[in-house]
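Novice: Starting from these lines, generate the structure:
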Amino acid sequence: MLQPVFNYRGIATDTVRIVVTDVAQVFTLAQYASNGIPAIAAFITCEDQGVRYCFGGETPTQGAAGLGHVLAANSDIYLNNPQLVQTFSFINEANATVATIQVTFEFDIGTDLS
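Specialist: Below is the predicted model:
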């Protein structure tokens, strides 16, 4: 299987493992910002169960008629815009499943990550 190649524009930080729940979540400021400066992008991998996600303040919902895009297990998405990173909300695709996502945030070159 071919793996995608990503053209990172900045500095990648440590990867964060997030357990997805049956309640919609967003990234915390501590996760997507460094010294108050927000990430410019994020690379997200869905490991084991599907996840529904939305942007811009919408809240994803579960089920066959759920709201939001589906990030299937063993797939990934690259968010290449700070607004997308800051408003990315996510929930388990199906009730009572436990999905896990791995997220690497990206910052402008020169950002102080200490």
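Novice: drop to CA atoms for contacts and neighbour counts, all remaining ones
Specialist: Noted.
Novice: Quick check: mean pLDDT of stretch 94-110?
Specialist: The average pLDDT for stretch 94-110 rounds to 93.
Novice: Model confidence for Asn7, exactly?
Specialist: 60.
Novice: repeat for Gly63
Specialist: Gly63 is assigned a pLDDT of 87 by the prediction.
Novice: Then the one 5 residues further on?
Specialist: At Gly68, the pLDDT value in this model is 97.
Novice: what helix or strand does the residue nearest to the spatial centre of the chain sit in?
Specialist: Of all residues in the chain, the one closest to the mean position by Cα atoms, centre = their mean is Ile44, 4.8 Å from it. Using DSSP states H and E, Ile44 falls within strand 41-46.
Novice: buried set for the helix or strand just after that strand?
Specialist: Using DSSP H and E, the helix or strand that directly follows strand 41-46 along the chain is strand 51-54. Residues of strand 51-54 classed as buried by neighbour count (16 or more other Cα atoms under 10 Å): 51-54.
Novice: residues in contact with stretch 51-68?
Specialist: 20, 22, 24, 69-73, 83-84, 87-95, 99 (Cα atoms under 8 Å, 6 or more residues apart in numbering).
Novice: hey, C-alpha coordinates of it in CSV?
Specialist: What follows is stretch 51-68, C-alpha atoms only, in CSV (Å, rounded to 0.1, in the frame of the first residue of the first chain):
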residue,chain,number,x,y,z
VAL,A,51,-14.5,9.1,13.9
ARG,A,52,-17.0,11.8,12.7
TYR,A,53,-15.7,15.3,12.5
CYS,A,54,-16.8,18.9,11.7
PHE,A,55,-15.3,22.3,11.4
GLY,A,56,-16.3,25.9,12.1
GLY,A,57,-18.3,25.4,15.3
GLU,A,58,-20.5,22.6,14.1
THR,A,59,-20.9,19.6,16.5
PRO,A,60,-20.6,16.1,14.9
THR,A,61,-23.2,13.5,15.9
GLN,A,62,-23.2,9.7,15.9
GLY,A,63,-25.2,7.1,14.0
ALA,A,64,-26.4,6.4,10.4
ALA,A,65,-27.9,9.9,10.1
GLY,A,66,-25.0,11.5,12.0
LEU,A,67,-23.6,15.0,11.1
GLY,A,68,-20.0,15.3,10.0
